[in-house]
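Engineer: requesting a structural model of the entry that follows:
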Amino acid sequence: MAGCGNFGYYLQSIDGQMQVMRARQPVAEVIADPATPPAIRDRLARALVIRDFASREVGLPDNASYRSYADLQRPFVVWNVFAAAEFSVEPKQWCFVIAGCAGYRGYFTQVEAAAYARELRGEGLDVFVSGVPAYSTLGWFDDPLLNTFIRYPPHELARLIFHELAHQVVYVKGDSEFNESFAAAVEAEGVRRWIAHSGDAGMRADFERAQQRRAQFSGLVLTYRRELGALYRTPLAREEMRGRKADFFAAMKRDYERLKLQWDGFAGYDRFFDNAGNAHLASVAIYHALVPQFRHMIAQHQGDLAAFYAEVKELAALGREERAARLGPVAPAR
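Structural biologist: I've put the predicted structure just below:
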């Protein structure tokens with residue numbers, strides 16, 4: 001906690017977490033409250049069914065997380081700040097007392113996140129600020145359901161609950177790509193099982209459509225990240241490099257607009273491509289780079305999630321280089 005900046009950051013983190021905890025109410029009480037809107041009552045009841053399914057059928061922790069509800073009166077619970085150097089696709093790392101190092105820094109108010117982003121831009125870094133609907137305290141606290149995601153479509157609500165609970169199964173300090181890619185693989189497997197259990201053909205179609213778009217988006221961004229990383233390793237003068245960099249991002253946006261023509265008007269990723277920079281690319285890599293490897297591991301275990309979790313825990317115990325070697329290279333994005 002050296003330095004006033006870090007001390008102030010920890011204070012806002014502690015205060016923000018305590019605000020979330022104080023806002024919690026048992027879900028049963030919220031459902032029983034006549035003032036609760038019917039749509040929220042329905043979503044909370046569904047969330048409890050999903051929560052039970054998560055532990056019973058997906059092997060996720062059976063504890064008090066996501067059995068309470070908090071209305072924070074804002075659209076996101078935190079705002080994450082991502083940053084990268086002008087000619088690098090690697091995310092800047094921040095290290096924390098409990099969670100270890102991560103490729104982003106979270107703030108409980110948008111104003112504080114924006115202020116820190118301005119500070120980083122003043123240092124010459126590419127910066128991206130993204131609102132986040134949920135995060136995991138890794139089992140240190142009983143994380144609640146939040147107003148920031150409770151209105152999501154059922155398959156997206158299930159996806160988020162499975163993802164955040166997965167962080168309580170395995171979490172490696174200082175390896176964000178490993179942690180987030182593992183949770184992303186678990187969420188997809190969990191939702192497919194949830195949909196098969198519920199037998200809702202419409203939900204299955206909605207989920208597979210969303211997964212396809214998500215894969216196409218991440219594939220596009222990871223391809224450009226890989227190619228841009230190769231460009232940054234070439235010996236070019238700074239002004240020439242800036243021009244080539246601008247060309248890359250313009251081409252990526254054009255490819256995105258062409259990709260969007262297949263999406264029946266869906267524009268959920270538009271904001272990402274507005275003034276995109278290296279930090280944008282780094283933020284996607286953190287959440288998607290290793291997903292193919294984890295999905296392959298699930299297939300190797302023929303869907304036995306207990307065996308899959310055991311192997312992932314073995315990987316988590318290894319050093320970073322050995323873990324990366326065991327996982328294998330990142331598959332080329334398509």
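
Engineer: test my guess that V186 contacts F162.
Structural biologist: Yes: judged on CB atoms under 8 Å, V186 makes contact with F162 at a distance of 5.8 Å. For the C-beta atoms, the positions are set from N, CA and C on the backbone; glycine is no exception.

Engineer: between these two, what contacts are shared?
Structural biologist: 58, 60 (CB atoms under 8 Å, 6 or more residues apart in numbering).

Engineer: compare the two (neighbour count), which wins?
Structural biologist: A count of neighbours by other CB atoms under 10 Å puts V186 above the other of V186 and F162, at 29 against 25.

Engineer: list the contacts for the closest residue to that one other than its chain neighbours?
Structural biologist: Nearest non-adjacent residue to V186, counting by CB to CB, 6 or more residues apart in numbering: A166, 4.0 Å away. A166 makes contact with 60, 182-183, 186-187 under the criterion CB under 8 Å, 6+ apart.

Engineer: correct me if wrong: S181 contacts R295.
Structural biologist: No: under the criterion of CB under 8 Å, S181 is not in contact with R295, lying 9.4 Å apart.

Engineer: more neighbours, these two?
Structural biologist: Per other CB under 10 Å, whichever of S181 and R295 has more neighbours is S181, with 24 against 17.

Engineer: element containing the more buried one?
Structural biologist: helix 176-198 (DSSP states H and E).

Engineer: elements contacting the very next helix or strand once past that helix?
Structural biologist: As assigned by DSSP H and E, the chain's next helix or strand after helix 176-198 is helix 201-232. Here helix 201-232 touches helix 154-169, helix 176-198, helix 238-260, helix 278-288, going by 3 or more CB pairs under 8 Å, 6 or more residues apart in numbering; DSSP states H and E.

Engineer: avg pLDDT for helix 201-232?
Structural biologist: Mean pLDDT, helix 201-232: 94.

Engineer: tell me where the model's unsure across the stretch 1-150 of the chain.
Structural biologist: Regions of the stretch 1-150 of the chain meeting the criterion pLDDT under 70 cover residues 1-5, 98-99.

Engineer: where exactly do the strands run in it?
Structural biologist: Ranges of strands within the stretch 1-150 of the chain are 25-26, 68-70, 78-84, 94-96, 100-102, 105-107, 126-132, 145-146, based on DSSP state E, counting those that start in this stretch.

Engineer: what strands line up against the first one, and which way round?
Structural biologist: Pairing partners of strand 25-26, with direction, according to DSSP bridges: strand 68-70 (antiparallel).

Engineer: hmm, who's touching the partner strand?
Structural biologist: So strand 68-70 is in contact with 20, 23-27, 30, 44, 142, 144-147, 150, going by CB under 8 Å, 6+ apart.

Engineer: on that earlier part again, for the strands of the stretch 1-150 of the chain, which one sits closest to G268?
Structural biologist: Taking CB to CB, strand 126-132 is the member of those nearest to G268, at 13.0 Å.

Engineer: the closest one pairs with which strands, parallel or anti?
Structural biologist: strand 78-84 (antiparallel).

Engineer: distance from the partner strand to the middle of the chain?
Structural biologist: On the basis of CA atoms, centre = their mean, to the nearest Å, strand 78-84 is displaced by 12 Å from the centre of the chain it belongs to.

Engineer: over to stretch 79-94?
Structural biologist: Worked out by CA atoms, centre = their mean, stretch 79-94 lies 15 Å from the chain centre.

Engineer: next, the closest residue to L318 other than its chain neighbours: secondary structure please.
Structural biologist: Spatial nearest neighbour of L318, excluding adjacent residues (CB to CB, 6+ apart): R326 at 6.7 Å. Recorded secondary structure, R326: helix (DSSP: H, G, I helix; E, B strand; the rest coil).

Engineer: report the separation between R326 and G319.
Structural biologist: R326 sits at a distance of 10 Å from G319 (criterion: CB to CB, to the nearest Å).

Engineer: between the two, which one's more packed in?
Structural biologist: For R326 versus G319, neighbours defined as other CB under 10 Å are more numerous around R326 (12 against 8).

Engineer: and the pLDDT for that one?
Structural biologist: So, for R326, pLDDT stands at 92.

Engineer: these two touch, right, it and L315?
Structural biologist: Yes: counting by CB under 8 Å, R326 does reach L315; the two are 5.8 Å apart.

Engineer: ok, back up a step: comparing the helices and strands packed on helix 201-232, which yields the minimum mean pLDDT?
Structural biologist: Among the helices and strands packed on helix 201-232, helix 278-288 has the lowest mean pLDDT, at a mean of 91.

Engineer: what does it rub up against?
Structural biologist: With CB under 8 Å, 6+ apart, helix 278-288 has contacts from 80, 82-91, 103-104, 125-128, 130, 176-177, 180-181, 184, 217-218, 221-222, 224-225, 228, 272.

Engineer: please apply the same query to stretch 24-36.
Structural biologist: 40-41, 44-45, 47-48, 67-70, 142, 144-145.

Engineer: top of the residues you listed by neighbour count?
Structural biologist: L145 (27 neighbours).
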